[in-house]
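S.K.: Need coordinates for the below:
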Amino acid sequence: ETLFTIRSESTQQRVFELTSSISAIGVGILGPLLQTLGDIALLFVLIVGLLSVDTFMTLLAFTVFSSIAVIGYVFTQKKIGESARKNTELSISSSEKIISLIEMYREHYLRDSISQAIEKFEDERISLAKHSTNLNFYPSIPKYFLETSIFITVLVLGAFQFSRLDASNSISTLAIFLAAASRIAPASLRIQQSIVGIRNNIELALPAILLSENLEKSQSDRVQQRFYESELHKTELKNYDLSVSVMNFTFQEDSEFSLDDISFEVPTGETLAIVGPSGAGKSTLVDLILGFLDSQESTIKIGNYSVIDLIKSNPGVIGYVPQAIPVLNGSIGENVSLSLESNEKLIWSALKQAQLTEYVQSLPNGLATVIGERGIKLSGGQRQRIGLARALYTAPKLLIMDEATSALDSVTEENISEPLKELHGDI
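M.R.: Sure, this is the predicted structure:
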């Protein structure tokens with residue numbers, strides 16, 4: 001499934017795949033490839049011209065220069081490929097370590113292990129610097145190797161030309177070859193360096209390519225088809241009854257976890273609590289209801305329409321409050337609206353329903369107040385209310401809360417529950 005595929009790797013892995021790895025495809029592979037094709041066309045024209053002047057010398061020079069270029073590539077490509085692979089791995093790993101150190105600073109402080117964590121981070125950065133240096137150094141080796149070889153080869157070929165022709169013909173032919181070599185040598189160097197660069201960037205681009213393939217495989221043809229065949233299009237339904245039927249669901253064929261024979265209905269305006277021990281599959285069931293996961297043996301409908309259809313045709317009809325509220329490093333208004341088509345009137349309405357109006361109005365900058373990365377300037381209860389306001393911003397008809405108050409103390413949990421009680425019957 002798409003959600004399972006996305007969550008199967010770390011956040012930093014996904015960030016790398018969607019930024020540096022994708023850039024490597026365009027800048028590091030496609031760009032040099034187009035330049036290589038242009039240089040190959042130039043070489044072809046020059047070689048055809050030289051063949052008309054002296055076929056034997058042209059073939060001999062081409063064989064020598066090609067052999068030199070191949071030797072230089074073979075000598076460096078293995079080391080470049082290994083450094084490129086390690087560079088990718090260490091870039092992701094070192095980013096994960098610094099984020100983990102920041103997030104778990106208190107734990108490291110209490111165990112007096114901050115210096116050890118920093119030392120591990122430094123070791124990886126030193127290793128990363130080493131491989132980055134290799135990636136800059138090894139591609140330049142063939143350049144100097146080829147330039148030196150071209151100089152020596154031209155001298156040898158010149159001597160050979162004088163031995164088989166008279167001085168006048170030798171000088172004129174050699175002059176033509178030297179003039180052509182002044183264009184052939186740079187083009188050959190660019191081709192070689194482009195090939196080395198493409199080899200390097202293939203390792204960087206591979207994570208993005210694999211992610212794209214995995215996501216494509218995980219997409220359900222049935223999910224895509226049923227949306228386009230849907231009759232819904234911005235329609236206002238009168239019936240938002242939720243109907244859930246899960247015959248069987250597993251993440252993988254060999255997985256021990258499964259949801260079996262679950263079915264229930266929740267009429268419009270009613271409330272249903274799903275309880276169970278940790279690991280029983282409550283969050284997985286929520287993901288199925290929300291359409292994040294799809295199963296051929298599950299039927300989730302709202303008002304007789306599939307969830308996927310309803311979300312696509314009526315965005316925001318379902319509100320969702322997770323256990324851990326993700327917070328943007330932006331303003332309160334941006335966090336409620338997610339910065340998409342922000343409507344100040346709707347923001348204040350959502351804040352009122354979440355009982356945050358007085359708090360926001362007391363702030364000097366109001367809705368424009370920046371709450372810091374991960375909501376560091378907010379209390380736990382305020383973060384949960386921001387999450388609730390975000391879910392209510394689109395005036396949903398179905399509100400799903402995934403243990404949204406389980407991490408709060410009883411007093412804060414009761415305060416959060418108050419606005420929910422007022423919404424009973426409307427959602």
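S.K.: need the strands for the chain, in chain order.
M.R.: Assigned by DSSP state E, the chain shows strands spanning 242-249, 259-266, 298-302, 305-306, 318-321, 398-401.
S.K.: what would these look like in TSV with mean neighbour count?
M.R.: The way it works is simple: take the backbone N, C-alpha and C, and place the C-beta from them, glycine included. Output for these, formatted as TSV (neighbours: other Cβ atoms under 10 Å):
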stretch	mean neighbour count
strand 242-249	18
strand 259-266	13
strand 298-302	19
strand 305-306	20
strand 318-321	22
strand 398-401	19
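S.K.: surely Asn87 meets Ser132?
M.R.: Yes - when contacts are counted by Cβ atoms under 8 Å, Asn87 is listed as touching Ser132 (5.9 Å).
S.K.: With neighbour numbers in mind, choose between those two.
M.R.: In this view Asn87 and Ser132 are compared by other Cβ atoms under 10 Å, and Asn87 has more residues nearby, 21 against 16.
S.K.: What residues does that one make contact with?
M.R.: Counting by Cβ atoms under 8 Å, 6 or more residues apart in numbering, Asn87 touches Leu128, His131, Ser132, Leu135, Glu203, Leu204.
S.K.: what's the answer for Arg125, then?
M.R.: By Cβ under 8 Å, 6+ apart, the residues touching Arg125 are Leu90, Ser94.
S.K.: do that again at 10 Å, thanks
M.R.: By Cβ atoms under 10 Å, 6 or more residues apart in numbering, the contact list for Arg125 reads Leu90, Ser91, Ser94, Lys97, Ile98.
S.K.: Out of these, which end up buried?
M.R.: Leu90, Ser91, Ser94, Lys97 (16 or more other Cβ atoms under 10 Å).
S.K.: thinking again about what came up before, of the strands of the chain, which is nearest Leu378?
M.R.: Leu378 sits nearest to strand 318-321 of all these, at 15.2 Å, using Cβ to Cβ.
S.K.: packing partners for that closest one?
M.R.: Here strand 318-321 touches helix 282-290, helix 307-313, helix 380-392, strand 398-401, helix 410-423, going by 3 or more Cβ pairs under 10 Å, 6 or more residues apart in numbering; DSSP states H and E.
S.K.: Include mean pLDDT when you put the ones you listed into CSV, please.
M.R.: Converted to CSV, these look like this (pLDDT from 0 to 100):
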stretch, mean pLDDT
helix 282-290, 82
helix 307-313, 78
helix 380-392, 85
strand 398-401, 85
helix 410-423, 70
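S.K.: Nearest to Asp123, out of these?
M.R.: Closest to Asp123 of the helices and strands packed on strand 318-321 is helix 380-392 (Cβ to Cβ; 35.3 Å).
S.K.: mind listing what's buried in that closest one?
M.R.: Quick answer for helix 380-392 (16+ other Cβ under 10 Å): Gly381, Gln382, Arg383, Gln384, Arg385, Ile386, Gly387, Leu388, Ala389, Arg390, Ala391, Leu392.
S.K.: what's the closest of the residues you listed to Arg190?
M.R.: Using Cβ to Cβ, the buried residues of helix 380-392 come closest to Arg190 at Arg390, 51.9 Å.
S.K.: Could you tell me how far that closest one is located from Leu272?
M.R.: 22 Å (Cβ to Cβ, to the nearest Å).
S.K.: Then Ala159?
M.R.: The gap separating Ala159 from Leu272 is 93 Å, by Cβ to Cβ.
S.K.: do Ser298 as well
M.R.: In terms of Cβ to Cβ, Ser298 sits 17 Å off from Leu272.
S.K.: Not counting sequence-adjacent ones, nearest residue to Ser21?
M.R.: Leaving aside its chain neighbours, Ser21 sits nearest to Ala208 (3.6 Å; criterion: Cβ to Cβ, 6 or more residues apart in numbering).
S.K.: what's the burial count for the one you found?
M.R.: 19.
S.K.: any low-confidence regions in the stretch 201-350 of the chain?
M.R.: Along the stretch 201-350 of the chain, the parts satisfying pLDDT under 70 run over 215, 217-237, 251-256, 339-341.
S.K.: Also the stretch 1-150 of the chain?
M.R.: Applying pLDDT under 70 to the stretch 1-150 of the chain picks out residues 1-9, 103, 106-107, 109-111, 142-143, 146, 150.
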